[in-house]
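Asks: model the following, please.
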Amino acid sequence: MNEIHQVIPGDVTDRRIAELEARLASLEARFDHAAPPLSDAPPAPVDGSPPPSDQAGDELEFEVGQNWFARVGIVVLTLGAGFTVSLPYTGLPAGVPSAIGFTLAAGLFVLARVWRQSFELVAGYLRGVGVALLYFATLRLYFFGPQHLLSTATWAGRAPLVLAVAVNLALGWRRRSGWLVGLAIVTGCVTAVAIGAAGFVLPAVVVLSILVVAAGTRGGWPWLLPAGIPLAYGTYLVWAANDPLLGRPFQFLAVPAAAPEVVLGVALILGAGSLVRRNRGDDPVANTCALLNCALGYGVFLAHTFATGGPGFVAANLTASVVFLGLAVLFWARERCRVSTFLYAMTGYMALSMAILKASALPDVFVWLSLQSVLVVATAVWFRSRFIVVANFLIYAAIMLGYVIVADRETGISVGFGLVALVSARILNWQKDRLELKTELMRNAYLLAAFLVFPYALFHLVPGGYVGLSWIGLALFYYLMNFIVRNRKFRWMGHVTLLLTTLYLLVVGTSRFGPVYRVLSFLVLGTVMLVVSLVFTRVRRRQRASENSM
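Replies: Modelled structure (predicted):
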């Protein structure tokens, strides 16, 4: 019986193993039959879509065929329509070319309306070509032919051009299209240049600036602000240069004399446009607008006022300084825009410098420029602008270098440079937390400037025998400043000045001074250095005594 029981389980086990092996063989056969052959090609998607490489190629093909060809075709169509309208047509009446242009523009508008849903992209481009062609056909009534139907000399003759600009602007605003509005603003600038009369151009530039601000802020097209700034100032510059695009000789117009003030008004309008935008703070659009407004606005203003000259240059630049500094205050007080505040403030300081350069003669101009440096540092503290501090020091150093090169003889102005440097350093030290200056670099730079300027000034102002004595007095002044403000930098300036005096007396005093001046200088220098040594010995003794008591 035991043998029977041992045999039966063994048979069952073998039978089960055989069944499992058969099933595994069947599954392997099915898998080998269904598996695809190995290859480097990626498997085709189950849904039947093309592989990724084909999809990328199709996207590029659609981009080129649909978008690029549409843009290029629209440009070519615009040029062709423009050339068609600008042909002379000598055998036809003067108004026929414009009538052809109006007809083509109307056809493009109708076609754009028909395709507004089925071919939306192309319809938008056709609408833009129609806007441009409508204006160009109106402009053809005044230019580009042997005979002109209308003239820009009268207000009645200018009305069709103004009406064409207004229609284009209304169409762009109604369609909520930023680039159509921008195109309408461009046609407005072209209209101002084409008419060329001061009574039209100057108000037109102001109105166009307001439209640029409205489109960039209220219309929701912020890119129109930086794009419209060159248009506004370029329109004014072409008119101020006597409209050379119309074949007139290039020369800046001096009449009306108040024309440059329009540029300042435009600068205020365009600057205010950045203030009322939706995004606050330092953003690329605001900073770009500030850069363009300062560079182009004051550049055009300076070019016009400088070219025309006259006594009004000083007053005009003082006004410009107030305008740009006012914009800097607004940007800082309202939005804390550091970059825009810096740009407007430095432009205002530049305008003030130009007024000073024109109003003062050499070498007195350097006195006023150095005093302006103190004003710049004071306002930089209020603006919390390290950029203004650094830029002002570079300008201050350039002014000092210019004075040294230009001045024939020393008249005491260098002493003023030194005092300006000391006052500037004290302002920076006084408000270092407000200005967020984390290093001593700029304060040390001003103190170094004072340290170099004062000996230079005394060397040229004081008779040779008293130079050493004057430098000793300067060292005592530094020690007094250290006692008043408790700043060890002044103490070190006194130390170095005494060492410089010693070197000067050893090299120059022993060979060039008379016996009396030589003896007096050495005695005074030795006495002062001994007194300073005794004072420091006493101070050190007190410090050690207080440390031991603790």
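Asks: for the stretch 51-200 of the chain, just list every one of the helices.
Replies: Assigned by DSSP state H, counting those that start in this stretch, the stretch 51-200 of the chain shows helices spanning 52-62, 69-86, 96-114, 120-139, 155-174, 178-195, 198-217.
Asks: quick check: angle from the third one to helix 120-139?
Replies: The one in question is helix 96-114. 160 degrees (axes from the mean of the first three to the mean of the last three C-alpha atoms, to 10 degrees).
Asks: just the CA trace of helix 96-114, in PDB.
Replies: These are the backbone C-alpha positions of helix 96-114, laid out as PDB (Å, rounded to 0.1, in the frame of the first residue of the first chain):
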ATOM      1  CA  VAL A  96      -8.400 109.100 -62.100                       C
ATOM      2  CA  PRO A  97      -5.400 107.400 -60.300                       C
ATOM      3  CA  SER A  98      -6.900 108.100 -56.900                       C
ATOM      4  CA  ALA A  99     -10.300 106.800 -58.200                       C
ATOM      5  CA  ILE A 100      -8.600 103.600 -59.200                       C
ATOM      6  CA  GLY A 101      -7.000 103.400 -55.700                       C
ATOM      7  CA  PHE A 102     -10.300 104.000 -54.000                       C
ATOM      8  CA  THR A 103     -12.000 101.300 -56.100                       C
ATOM      9  CA  LEU A 104      -9.200  98.800 -55.300                       C
ATOM     10  CA  ALA A 105      -9.400  99.600 -51.600                       C
ATOM     11  CA  ALA A 106     -13.200  99.200 -51.600                       C
ATOM     12  CA  GLY A 107     -12.800  95.800 -53.300                       C
ATOM     13  CA  LEU A 108     -10.300  94.700 -50.700                       C
ATOM     14  CA  PHE A 109     -12.600  95.700 -47.900                       C
ATOM     15  CA  VAL A 110     -15.500  93.700 -49.500                       C
ATOM     16  CA  LEU A 111     -13.200  90.700 -50.000                       C
ATOM     17  CA  ALA A 112     -12.000  90.900 -46.500                       C
ATOM     18  CA  ARG A 113     -15.600  90.900 -45.200                       C
ATOM     19  CA  VAL A 114     -16.600  87.900 -47.300                       C
END
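Asks: for it, buried residues please.
Replies: 97-98, 100-102, 104-105, 108-109, 111-112 (16 or more other C-beta atoms under 10 Å). No exception for glycine: its C-beta is placed from N, CA and C like everyone else's.
Asks: what is the orientation angle of it with helix 155-174?
Replies: Between helix 96-114 and helix 155-174, the angle comes out at 20 degrees (the same axes, to 10 degrees).
Asks: renumber starting at 35 from here on
Replies: I'll keep to 35 as the first residue from here, and by that count the last item is helix 130-148.
Asks: elements contacting helix 130-148?
Replies: Contacts defined by 3 or more C-beta pairs under 8 Å, 6 or more residues apart in numbering; DSSP states H and E place helix 130-148 against helix 103-120, helix 154-173.
Asks: how about L396, secondary structure?
Replies: Under the three-state scheme (DSSP: H, G, I helix; E, B strand; the rest coil), the conformation of L396 reads as coil.
Asks: what's the neighbour count on it?
Replies: L396 has 12 neighbouring residues, counting by other C-beta atoms under 10 Å.
Asks: isn't it up against I439?
Replies: No: at 11.3 Å, L396 does not count as touching I439 under the criterion of C-beta atoms under 8 Å.
Asks: the bottom helix or strand of the chain by mean pLDDT?
Replies: Least confident helix or strand, the chain: helix 86-96 with a mean of 55, by mean pLDDT, DSSP states H and E.
Asks: can you list the helices of the stretch 85-234 of the chain in TSV and add distance to W257?
Replies: Output for these, formatted as TSV (distance: least, C-beta to C-beta, whole Å):
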stretch	distance to W257
helix 86-96	26
helix 103-120	18
helix 130-148	23
helix 154-173	16
helix 189-208	14
helix 212-229	7
helix 232-251	8
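Asks: so for A341, which of those sits nearest?
Replies: Taking C-beta to C-beta, helix 232-251 is the member of those nearest to A341, at 16.1 Å.
Asks: and the closest one, what other elements does it pack with?
Replies: helix 212-229, helix 258-274, helix 293-309.
Asks: mind putting these in TSV, mean neighbour count included?
Replies: Formatted as TSV, the helices and strands packed on helix 232-251 follow (neighbours: other C-beta atoms under 10 Å):
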stretch	mean neighbour count
helix 212-229	22
helix 258-274	23
helix 293-309	22
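Asks: let's have those in JSON lines, adding mean pLDDT.
Replies: Compiled in JSON lines, the helices and strands packed on helix 232-251 are given as follows (pLDDT from 0 to 100):
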{"stretch": "helix 212-229", "mean pLDDT": "90"}
{"stretch": "helix 258-274", "mean pLDDT": "93"}
{"stretch": "helix 293-309", "mean pLDDT": "91"}
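Asks: with distance to R460 added, can I get these in TSV?
Replies: TSV is the format used below for the helices and strands packed on helix 232-251 (distance: least, C-beta to C-beta, whole Å):
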stretch	distance to R460
helix 212-229	51
helix 258-274	40
helix 293-309	33
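Asks: domains of this structure?
Replies: 104-229, 267-393, 398-495, 496-584 (automatic domain parsing).
Asks: state the distance from L160 to V148.
Replies: 10 Å (C-beta to C-beta, to the nearest Å).
Asks: err, L462, not the other one
Replies: 69 Å.
Asks: with A232 instead?
Replies: 45 Å.
Asks: can you give me the helices in the stretch 335-484 of the chain?
Replies: Using DSSP H, counting those that start in this stretch, helices in the stretch 335-484 of the chain cover 346-369, 372-393, 398-417, 420-440, 447-464, 466-469, 475-495.
Asks: the first one packs against which elements?
Replies: Counting contacts by 3+ C-beta pairs under 8 Å, 6+ apart, helix 346-369 is packed against helix 293-309, helix 333-342, helix 372-393, helix 398-417.
Asks: what is the burial count for the nearest residue to T536 once chain neighbours are set aside?
Replies: Leaving out its chain neighbours, the residue that sits closest to T536 by C-beta to C-beta, 6 or more residues apart in numbering is L559, at 6.4 Å. If you count neighbours by other C-beta under 10 Å, L559 ends up with 21.
Asks: follow-up on the earlier one: lowest-confidence stretch among the helices and strands packed on helix 130-148?
Replies: For the helices and strands packed on helix 130-148, mean pLDDT drops lowest on helix 103-120, to a mean of 62.
Asks: which parts of stretch 563-571 are buried?
Replies: 563, 566.
Asks: from the chain's centroid, how far away is it?
Replies: Put simply, stretch 563-571 sits 54 Å off its chain's centre (C-alpha atoms, centre = their mean, to the nearest Å).
Asks: same check, this time on stretch 241-250
Replies: For stretch 241-250 - counting by C-alpha atoms, centre = their mean - the centre lies 20 Å from the chain centre.
Asks: how many neighbours does the closest residue to F421 other than its chain neighbours have?
Replies: Spatial nearest neighbour of F421, chain neighbours left out: F376 (4.6 Å); criterion: C-beta to C-beta, 6+ apart. A count of neighbours around F376, defined by other C-beta under 10 Å, yields 23.
Asks: can you read off the pLDDT for F376?
Replies: pLDDT, F376: 88.
Asks: how near is it to S387?
Replies: With C-beta to C-beta as the criterion, F376 and S387 are 16 Å apart.
Asks: for L142, same thing?
Replies: 53 Å.
Asks: which element is the most centrally placed residue in the chain on?
Replies: The residue lying closest to the centre of the chain (C-alpha atoms, centre = their mean) is L325, at 2.7 Å. Using DSSP states H and E, L325 sits within helix 318-326.
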